[in-house]
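Student: Give me the fold of what follows.
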Amino acid sequence: MTDQLLDHARHYADAHAGRDGIAVTPFKGLVILRETAPSMLEYAISKPLVALVLQGRKRVMMGRRPFDFGAGESLLITTDVPTVSQITSASRILPYYSLVLELDPATIGDLVDQIGATPLRANQPVRVDETEAEIADAALRLLRLCDRPDTLAVLGQQLSRELHYWLLSGRHGGSIRQLGVTDSHAQRIARAVTLLRNHYAEPVRIAALAETAGMSLSAFHVHFRNITSLTPLQFQKQLRLIEARRRMLARGEAISDAAYGVGYESVPQFTREYGRLFGQPPARDIRLARERMTAAA
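Tutor: Sure, this is the predicted structure:
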């Protein structure tokens, strides 16, 4: 089954992947990643997702904990958490391929209501497991529809729902169940994270975030850090820096324009904090990233 999934993913990605290695599919939230060389470190605040690795290997760091995984394994991220990732095994002969699907909390919530309540496990925002056969089969049938986009309106949501069901009922289930439990801590913090994502360039009011989450200030601070591994201000800072890096790489924005555009009032402060997160000042980091992109083209 995974061999067939790889064949279909390779066919689609080779035809549709852009210079960034991302092949967007007609199904919302579903992409295929393709890389022909080991990558530099990539920084992101990931949304809940599942990534089925079909060929090659990758490493994801959450805090100081590494997760190494490869073909036949799946990475599951169940909340908005900062990650550092790197493709560690890829070549032109054997590219890295993975199928990435954003998880849909509404679908999970509906399935949780039908499956019935079970005890929630402690929050485990990142984990790696072997890809189960039912998950690979549902993913294969969903990917096949991408070559026939006219069928997605009728069958796409049905297959996506089936894929979510197998994720929820399999070994992944305990980690994603909180996404579908009404008014769980995970759902409450997710509302605050959405507010931060939508207004990252604005001054943050912790009281407003706590109110959005429906928590007291003290409870909000505890649960936000437990779920995301960061304080709200640290979370916002990483959002700003990651977005600024994207703007400089994708749009060619000047350092000062990117800094002011994401909410910084001081370019020197931006440069210092950028270097702490990415390991080098913005000018050097962007130059090296562009050199790598040119070499891989």
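Student: Look up how far Ala219 lies from Gln114.
Tutor: Distance, Gln114 to Ala219, by C-beta to C-beta, to the nearest Å: 30 Å. Glycine gets a C-beta too; all of them are placed from N, C-alpha and C.
Student: ok, those two, which is more surrounded?
Tutor: Ala219 (14 against 9; other C-beta atoms under 10 Å).
Student: which ones are touching that one?
Tutor: Taking C-beta atoms under 8 Å, 6 or more residues apart in numbering, we find Ala219 in contact with Ala210.
Student: and the gap between it and Pro282?
Tutor: Distance, Ala219 to Pro282, by C-beta to C-beta: 37 Å.
Student: Distance from the chain centre to stretch 35-43, please.
Tutor: Per C-alpha atoms, centre = their mean, to the nearest Å, the displacement of stretch 35-43 from the mean C-alpha position of its chain is 15 Å.
Student: Pull up the distance across that stretch, start to finish.
Tutor: 17 Å (C-alpha to C-alpha, to the nearest Å).
Student: how does this structure divide up, domain by domain?
Tutor: The chain is divided into the following domains under automatic domain parsing: 2-179, 183-229, 235-296.
Student: now these as TSV including mean pLDDT?
Tutor: Formatted as TSV, those follow (pLDDT from 0 to 100):
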stretch	mean pLDDT
domain 2-179	86
domain 183-229	88
domain 235-296	90
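Student: Find the residue at the geometric middle of the chain.
Tutor: For the chain, the residue nearest the mean C-alpha position is Ser46 (3.2 Å; C-alpha atoms, centre = their mean).
Student: surely that one meets Thr83?
Tutor: Yes. The pair Ser46 / Thr83 is scored as a contact, 5.3 Å apart, by C-beta atoms under 8 Å.
Student: joint contacts of those two?
Tutor: Counting by C-beta under 8 Å, 6+ apart, the contacts common to Ser46 and Thr83 are Ile77.
Student: for the residue nearest to the centre of the chain, phi and psi?
Tutor: Dihedral pair for Ser46: phi -80, psi 140, per degrees, to the nearest 10.
Student: residues in contact with it?
Tutor: Taking C-beta under 8 Å, 6+ apart, we find Ser46 in contact with 77, 80-83.
Student: Pick the one among those residues closest to Leu167.
Tutor: Ile77 (12.1 Å; C-beta to C-beta).
Student: Identify the bridge partners of the closest residue to that closest one other than its chain neighbours.
Tutor: Excluding the flanking residues, the one nearest Ile77 by C-beta to C-beta, 6 or more residues apart in numbering is Ser46, at 4.9 Å. Taking DSSP bridges, one obtains Val81 as the residues bridged to Ser46.
Student: measure Ser46 to Val81 for me?
Tutor: As judged by C-beta to C-beta, Ser46 and Val81 stand 6 Å apart.
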